[in-house]
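Enquirer: here's a sequence, model it:
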Amino acid sequence: MSIADRLEDADVLWTRGRREGALLNLLIAVTAAARNERPDMKDGDAFRTFIADRHSWSIAIEHRGQLVSLEQLMWKWLRCELAHRASLPEDVQLYVMDDDPDGLRIQAGGAPDYCVRLSDGWYWWLRRHLEALPAAALT
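Expert: Numbers count the residues shown, from 1 in each chain. Below is the predicted model of the structure:
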C-alpha cells in the first residue's frame, strides 16, 4: 500500500458519506508524507511541521481550556483520536459549509458545549497539498 492508495481509499469513503474514515485515511497519508520529508523526526513532529510548512499564517484555537495550534489540533484531536479511539471526541466536529465547500473555517464554541468545529474545506486543503507532491513521494 502507498500514500496514493490511502488517498484513493479516502476518496471512496468521502463519496459514500464516511467522513471520519476518509479523514483518518487522509491523515495517515499526511503522516506518511511527512515522515518521507522528515525521516529524522518523530511522527507527530513531522506531521505538524509538514502542515506548518504549507501555510504562512498562524492559527491558535481554544480547546479544553488551552490554546492549541491548528497543527496540534489536527495531530492530537483528529489523527490520534481517530487512530487510537476510532472516533473524533465529542467536542471536535466536522461540518459542511454549503455556501463555500472549500472554505477553511474553524469555530470554537463557548458554553455549554465548548466544541471546536472544522469545515470540510480542511479535508480538501490537506488533500490538495498531498496531490501537489511529486508522484514519487506518493509511493
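Enquirer: for the rest of this, base every contact and every neighbour count on C-alpha atoms.
Expert: OK.
Enquirer: what are the buried residues along the top helix by length along the chain?
Expert: Scanning the chain for the helix with the most residues, using DSSP state H, yields helix 19-37. Of all the residues in helix 19-37, those buried under the rule 16 or more other CA atoms under 10 Å are 19-35.
Enquirer: phi and psi next, for Ile61.
Expert: Per-residue torsions, Ile61: phi -120, psi 130 (degrees, to the nearest 10).
Enquirer: returning to what we had before: residues in contact with the longest helix of the chain?
Expert: For helix 19-37, the surrounding residues in contact (CA atoms under 8 Å, 6 or more residues apart in numbering) are 3-4, 6-7, 9-14, 41-44, 46-47, 49-50, 78-79, 82-83, 87-88, 123, 126-127, 130, 137-138.
Enquirer: CA atoms of that helix as CSV?
Expert: Output in CSV follows, covering the C-alpha atoms of helix 19-37 (Å, rounded to 0.1, in the frame of the first residue of the first chain):
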residue,chain,number,x,y,z
ARG,A,19,-16.2,11.3,6.5
GLU,A,20,-14.4,10.2,9.7
GLY,A,21,-13.0,7.1,7.8
ALA,A,22,-12.0,9.3,4.9
LEU,A,23,-10.3,11.8,7.2
LEU,A,24,-8.4,9.0,9.0
ASN,A,25,-7.1,7.7,5.7
LEU,A,26,-6.1,11.2,4.7
LEU,A,27,-4.4,11.9,8.0
ILE,A,28,-2.5,8.7,7.7
ALA,A,29,-1.3,9.7,4.2
VAL,A,30,-0.2,13.1,5.6
THR,A,31,1.7,11.3,8.4
ALA,A,32,3.5,9.1,5.8
ALA,A,33,4.3,12.0,3.5
ALA,A,34,5.6,14.0,6.5
ARG,A,35,7.8,11.1,7.6
ASN,A,36,9.1,10.8,4.0
GLU,A,37,10.1,14.5,4.1
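Enquirer: let me know the average pLDDT across it.
Expert: If you average the pLDDT over helix 19-37, you get 96.
Enquirer: centre of the chain to it, how far?
Expert: Centroid displacement of helix 19-37 relative to its chain, using CA atoms, centre = their mean, to the nearest Å, is 8 Å.
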